[in-house]
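Engineer: Have a look at this prediction, sequence included:
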Amino acid sequence: MKPDIIKILQDLGFTEYESKTYLALLEKSPISGYAVALNSGVPRSKIYEVLGGLVARGEVIMSPGTPALYTPLPPKELLEKRRRKAETTLDLAQNALEQYMYNKENRENIWNITGRKDILDRVREVIRNAKGHILVEIWKEDAEELKEEFMEASKNGVKILIVAYGNLEFGFVQVYQHDLSEEITGEWGGRWIVLSADGREIVAGIVSLGDDSRAAWTMHPGLVMPMTEVIKHDIYIMEILKEHRTILETSFGPNLIHLRNRFKFGSTGVSIASKLGM
């Protein structure tokens, strides 16, 4: 066997023993594992482990019997198989590294988005990029505009939990109906959205002021973590209400309104536009 051929196979990812085994089989096959060891110089104590690895990768074919016989994949097929695997690996590496750089660049930034259309476009993009789960607090009017994106994400296996202000009927996802939708809208004079995707990025802001709507998009963990937890805690409360509503409303009033009023801190009836000085 020529050392340069073994080196070429090692550059392709073969071990030295795998290289010697494959070349021995090219010279003569089908043969038994014992014969492969004799012809290749690979120790008998190692040959079946080496052959097993090559068979598992589909680079050597084993014919069952006593003894089992081994045949190599033809060189053209072997190289094409390796080429496809390398191209797939390179594509995956490129996507992963680009995504890593994208995340790294944006982890420290908080991007300001102005205008309802641009905010909802960013929300759509975040929904489309989600891989595992989405948590969102949103008004019915705005959720309806994003229904197609939510539905597609759900079809792709993304788990979606929606805290809805208003009677939202999305049969394809879990919707938690917020009991104080009208009171909150009246208190703040507008609607907002808070969306967390995969616990790694959020879009949060006011969406009911047309071109004057404002939102932030960020992957900054200092904001992603607490805002994601805020949505989770609203869901916790709704699950608790589902099981113990009578007991809780006895203490805190219908839909816990007395509890909410206790923490208004003077924000009643002032519109969002006024709060922003518009």
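Structural biologist: In hand now; what should we look at? Numbers count the residues shown, from 1 in each chain.

Engineer: ranges for the strands of the stretch 151-278 of the chain?
Structural biologist: With strands called from DSSP state E, counting those that start in this stretch, the stretch 151-278 of the chain shows them at 159-165, 174-177, 192-197, 201-206, 214-218.

Engineer: Okay, helices next: where are they in the stretch 1-150 of the chain?
Structural biologist: 3-11, 16-27, 33-40, 44-56, 75-107, 116-129, 140-145, 147-155 (DSSP state H, counting those that start in this stretch).

Engineer: Now the second one: buried residues?
Structural biologist: This points to helix 16-27. 17, 18, 19, 20, 21, 22, 23, 24, 25, 26 (16 or more other Cβ atoms under 10 Å). C-beta coordinates here come from the backbone N, C-alpha and C atoms, glycine included.

Engineer: now do the third one
Structural biologist: Using 16+ other Cβ under 10 Å as the burial criterion, the residues of helix 33-40 that qualify are 33, 35, 36, 37, 39, 40.

Engineer: Next one: the closest residue in space to the fifth one that isn't next to it in sequence from residue 240, what distance?
Structural biologist: Which is residue 39. Leaving aside its chain neighbours, residue 39 sits nearest to residue 24 (4.2 Å; criterion: Cβ to Cβ, 6 or more residues apart in numbering). Remark: distance between residue 24 and residue 240 (Cβ to Cβ, to the nearest Å) = 69 Å.

Engineer: how deep is the closest residue to residue 256 other than its chain neighbours tucked in, by neighbour count?
Structural biologist: Using Cβ to Cβ, 6+ apart and skipping the chain neighbours, the partner closest in space to residue 256 is residue 248 (6.4 Å). Using other Cβ atoms under 10 Å, the number of residues around residue 248 comes to 16.

Engineer: re the thing from before, measure the residue nearest to residue 39 to residue 124 for me?
Structural biologist: Distance, residue 24 to residue 124, by Cβ to Cβ: 58 Å.

Engineer: what do you get for residue 164?
Structural biologist: As judged by Cβ to Cβ, residue 164 and residue 124 stand 18 Å apart.

Engineer: And for stretch 121-137, what's in contact with it?
Structural biologist: Here stretch 121-137 makes contact (Cβ atoms under 8 Å, 6 or more residues apart in numbering) with 113, 143, 146, 149-150, 152-153, 158-163, 165, 178, 192-199, 201, 203, 215, 217, 228, 231-232, 234-235.

Engineer: Give the rounded mean pLDDT of that stretch.
Structural biologist: Across stretch 121-137, the average pLDDT comes to 95.

Engineer: Kindly check the end-to-end length of it for me.
Structural biologist: The straight-line separation of the ends of stretch 121-137 (Cα to Cα, to the nearest Å) is 17 Å.

Engineer: Next, the buried residues of it.
Structural biologist: Applying 16+ other Cβ under 10 Å to stretch 121-137 flags 122, 123, 124, 126, 127, 130, 133, 134, 135, 136, 137 as buried.

Engineer: Distance to residue 66 added to the residues you listed, as a markdown table?
Structural biologist: A markdown table is the format used below for the buried residues of stretch 121-137 (distance: Cβ to Cβ, whole Å):
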| residue | distance to residue 66 |
| --- | --- |
| 122 | 66 |
| 123 | 65 |
| 124 | 63 |
| 126 | 60 |
| 127 | 59 |
| 130 | 54 |
| 133 | 53 |
| 134 | 57 |
| 135 | 60 |
| 136 | 63 |
| 137 | 67 |
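
Engineer: from the residues you listed, which is closest to residue 77?
Structural biologist: residue 130 (39.4 Å; Cβ to Cβ).

Engineer: Let me know the pLDDT of the residue nearest to the closest one when sequence neighbours are not counted.
Structural biologist: Excluding the flanking residues, the one nearest residue 130 by Cβ to Cβ, 6+ apart is residue 197, at 4.2 Å. pLDDT recorded at residue 197 is 96.

Engineer: what's near enough to touch residue 197?
Structural biologist: 126, 127, 129, 130, 133, 134.

Engineer: one more time with 6 Å, if that's ok
Structural biologist: Residue 197 makes contact with 126, 130, 134 under the criterion Cβ atoms under 6 Å, 6 or more residues apart in numbering.

Engineer: Distance check, residue 179 against residue 248.
Structural biologist: Noted for residue 179: a distance of 11 Å to residue 248, by Cβ to Cβ.

Engineer: hmm, back to that, deepest-packed of the helices of the stretch 1-150 of the chain, please.
Structural biologist: helix 16-27 (a mean of 21; mean count of other Cβ atoms under 10 Å).
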